[in-house]
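S.K.: Below are the sequence and a predicted model for it; my questions follow.
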Amino acid sequence: MPGKKKDKNGGIFHTLKFQMTLTYLILLGVIFFGIWFFNHFLLENNYLRYKRDNLMEVYSVLDEANTEHSFEDPEFESEILRLCNNYNLNFVVTDASSNTVYSNIKDPGQISRQLRDIVFARDNIQKKIIEETDKYCLCYLPDPSSGSEYAVIWGNLNDDRFFMIRTPLESIRESARIANNMLISIGGIAFLIAGIIIWGVTNRVTRPIMRLVGVSKRMSEMDFEARYTSCCGNELDLLGDNMNRMADSLKDNISRLKTANLELQRDVEARMHADERRKEFLSNVSHELKTPIALIQGYAEGLKDGIIEDKESLDYYCDVIMDETRKMNHLVKFLISLNQVESGEDQMVIERFDLDALISGTVNSFAQMCEQKEIRMIYEPQSGLYVWGDEYQVEEVLRNYISNAVNHCSGRKEIIIKTERIEDKVRTCVFNSGDPIPEESLGRLWEKFYKVDKARTREYGGSGLGLSIVKAIMESLHQQYGVRNYDDGVEFYFELSTK
């Protein structure tokens, strides 16, 4: 049969479809065997018993007619002929000289001779006696002239009249053989057709069950997007609808549990590192703000002292003050964002979302910037990338990676974003062509305010906090992140769970 699928428990022989089909076929086989057994061993005996009853019925009519001397009665003649025709019987009544008195056949000579032989040579005739009284003998008797065997009842009606009624046994046995042969032939064909029909019916019954198995397997792998589609309107559809509702409920509960678990972990970690973060934060902020404040103060004092004599110098002083103010504002925003993530004030909402849609949207938002800098950004969308995390925070991580790649892209000016599945994780990688990061700096990239090339970082307004924010978010999510050097560039990555 087509469509055989082996399961992990032992193949098709352990499937419900095979077991149902086998059960029905065994039951059908038992029924056919019982009918065949009855025909083969009991049908002939039943036929013989039926024929013996026929012989006794005709004998009773003959005996009654003889007693009442009514052989010439038309009613008797009609009755006896009807019975003989219906039961396929021949009979003869003779006198003591073996002359035919009455018979239902035109040439009763053969029966008359056989009757005479039995009456006058009883001991020499081979016969199987079934029943014998002083009036009749019921037996199975061979006919020497034809070699056939007959069921025979014979005896005397009175002192000078004898009778014999017989029916051939060969037709009975032939009928039994024909019935058995037909039963075997028809039974074989019926068995084959029934097998095909039963297989089709069980396949139709088990198909929705297998769909339910597939849905339950995906749910066991924490894929709650799996859904059962109703098709039959029976109890299996009700079960499928309940499984769909259970999937929605489990998805919501797991989302809440993951959120609660992350909140609990953050609370524990926050208590352990609160003082350390506060001290480090104040130290780094004072260091980063010292230079722009000094510049702003110096140029402001110059303006106050009136050392500016022309408009060009005045504009330059104002531009410097505004640029340093912008950088300070940008730095403060980064510090606020970082502090919120590390302190847990920016509460995360863990949910299952489409990572491919998030990456595609972020890539589109950087398209104009890449075009201005003549950078080629490559990303091939992949459907079905559902992961767990805070979608807003994950977007922040991705934006920091892409922004960092755009600011450091050189050489062939190419940024490649890709995703790959690693067991129950999805890793997102952002590669930019250019110079590799010095090995001694790789371990410090995630530190607050650390800059590999301070001059270049200051040129595009970098604060050294972007990767620190990435670190804080990924550690809050308890997921892996990192960086790898290549000969022609650098690749940053982060991982998210699919379960």
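M.R.: Happy to help now that I have it.
S.K.: Figure out the helix or strand that the residue nearest to residue 480 when sequence neighbours are not counted lives in.
M.R.: Nearest residue to residue 480, sequence neighbours excluded (CB to CB, 6 or more residues apart in numbering): residue 495, at 4.4 Å. For every residue, glycine as well, the C-beta is placed using N, CA and C. Residue 495 is part of strand 489-497 when elements are defined by DSSP states H and E.
S.K.: what mean pLDDT does that strand have?
M.R.: On average, the pLDDT along strand 489-497 is 95.
S.K.: contact partners of it?
M.R.: By CB atoms under 8 Å, 6 or more residues apart in numbering, the residues outside strand 489-497 that reach it are 355, 387-389, 394, 397, 401, 404-405, 408, 411, 414, 422, 424-434, 436-437, 470, 474, 477, 479-484.
S.K.: For residue 100, give me the backbone phi and psi.
M.R.: Torsion angles at residue 100 (phi, psi; degrees, to the nearest 10) stand at phi -70, psi 120.
S.K.: residue contacts, the nearest residue to it once chain neighbours are set aside?
M.R.: Nearest residue to residue 100, sequence neighbours excluded (CB to CB, 6+ apart): residue 108, at 5.2 Å. When contacts are counted by CB under 8 Å, 6+ apart, residue 108 touches 90, 92, 100.
S.K.: Now do residue 108 against residue 256, distance only.
M.R.: Per CB to CB, to the nearest Å, residue 108 is found 104 Å from residue 256.
S.K.: where does the stretch 351-499 of the chain have low pLDDT?
M.R.: Across the stretch 351-499 of the chain, the ranges flagged by pLDDT under 70 are 452-464.
S.K.: What is the helix or strand containing residue 57 packed up against?
M.R.: Element membership for residue 57, per DSSP H and E: helix 44-67. Contact here means 3 or more CB pairs under 8 Å, 6 or more residues apart in numbering; DSSP states H and E; on that basis helix 44-67 packs against helix 74-87, strand 90-95, strand 136-142, strand 149-158, strand 161-168, helix 170-220.
S.K.: returning to that earlier point: looking at the contacts of residue 108, which one is closest to residue 303?
M.R.: Checking the contacts of residue 108 against residue 303 with CB to CB, the nearest one is residue 90 at 147.6 Å.
S.K.: For the closest one, which non-adjacent residue is closest in space?
M.R.: Using CB to CB, 6+ apart and skipping the chain neighbours, the partner closest in space to residue 90 is residue 105 (5.4 Å).
S.K.: part of a helix, is the one you found?
M.R.: No: the assignment for residue 105 is coil, going by DSSP: H, G, I helix; E, B strand; the rest coil, so no helix is present there.
S.K.: Now do it, the pLDDT please.
M.R.: 85.
S.K.: contacting residues around it?
M.R.: Residue 105 makes contacts with 90, 92, 111, as judged by CB under 8 Å, 6+ apart.
S.K.: Just give me the neighbour total for the second one.
M.R.: A total of 25 residues lie near residue 92 under the criterion other CB atoms under 10 Å.
S.K.: My guess is it contacts residue 106. True?
M.R.: No: using CB atoms under 8 Å, residue 92 is not in contact with residue 106; the gap is 11.5 Å.
S.K.: that older thread, any idea what the residue nearest to residue 480 is bridged to?
M.R.: residue 427 (DSSP bridges).
S.K.: Please report the distance of it from residue 263.
M.R.: 21 Å.
S.K.: how about a markdown table for the contacts of residue 108, with pLDDT and distance to residue 66 added?
M.R.: Converted to a markdown table, these look like this (pLDDT from 0 to 100; distance: CB to CB, whole Å):
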| residue | pLDDT | distance to residue 66 |
| --- | --- | --- |
| 90 | 89 | 18 |
| 92 | 89 | 13 |
| 100 | 84 | 15 |
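S.K.: Nearest to residue 465 among the residues you listed?
M.R.: Nearest member of the contacts of residue 108 to residue 465, counting by CB to CB, is residue 90, at 121.0 Å.
S.K.: Isn't the closest one up against residue 81?
M.R.: No: shown here, residue 90 and residue 81 do not form a contact pair, counting by CB under 8 Å, at 11.3 Å.
S.K.: Could you check which of the two has the larger neighbour count?
M.R.: More neighbours surround residue 90 than the other of residue 90 and residue 81, with 17 against 11 (other CB under 10 Å).
S.K.: returning to that earlier point: give me the number of residues near the residue nearest to residue 480?
M.R.: Per other CB under 10 Å, the neighbour tally for residue 495 reads 17.
S.K.: before we move on, what about residue 178?
M.R.: Neighbours of residue 178 using other CB under 10 Å come to 10.
S.K.: Over to residue 258?
M.R.: The burial count for residue 258: 20, using other CB under 10 Å.
S.K.: before we move on, what about the one 3 residues further on?
M.R.: Using other CB under 10 Å, residue 261 is surrounded by 13 other residues.
S.K.: can you give me phi and psi for the residue nearest to residue 100?
M.R.: Given degrees, to the nearest 10, the pair of backbone angles that residue 108 has is phi -90, psi 20.
S.K.: buried sites along stretch 383-396?
M.R.: Of all the residues in stretch 383-396, those buried under the rule 16 or more other CB atoms under 10 Å are 385, 386, 387, 388, 389, 390, 391, 393, 394, 395, 396.
S.K.: who's in contact with it?
M.R.: Under CB under 8 Å, 6+ apart, the answer for stretch 383-396 is 223, 225, 255, 258, 337, 341, 346, 348-356, 358, 362, 419, 426, 469-470, 473, 476-477, 479, 494, 496-499.
S.K.: picking up where we left off before, and the contacts of residue 105, which is closest to residue 212?
M.R.: Using CB to CB, the contacts of residue 105 come closest to residue 212 at residue 90, 70.8 Å.
S.K.: dump the residue contacts of that closest one.
M.R.: 84, 103, 104, 105, 108, 111, 165, 166, 167.
S.K.: try 10 Å
M.R.: Residue 90 makes contact with 84, 103-105, 108, 110-111, 150, 164-168 under the criterion CB atoms under 10 Å, 6 or more residues apart in numbering.
S.K.: For those residues, which single residue is the most surrounded?
M.R.: Of all the contacts of residue 90, the highest neighbour tally under other CB under 10 Å goes to residue 165, namely 30 neighbours.
S.K.: hang on, the earlier thing: next, format the contacts of residue 90 as JSON lines and append distance to residue 60.
M.R.: Below are the contacts of residue 90 laid out as JSON lines (distance: CB to CB, whole Å):
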{"residue": "84", "distance to residue 60": "13"}
{"residue": "103", "distance to residue 60": "18"}
{"residue": "104", "distance to residue 60": "16"}
{"residue": "105", "distance to residue 60": "20"}
{"residue": "108", "distance to residue 60": "21"}
{"residue": "110", "distance to residue 60": "24"}
{"residue": "111", "distance to residue 60": "19"}
{"residue": "150", "distance to residue 60": "19"}
{"residue": "164", "distance to residue 60": "15"}
{"residue": "165", "distance to residue 60": "11"}
{"residue": "166", "distance to residue 60": "16"}
{"residue": "167", "distance to residue 60": "16"}
{"residue": "168", "distance to residue 60": "21"}
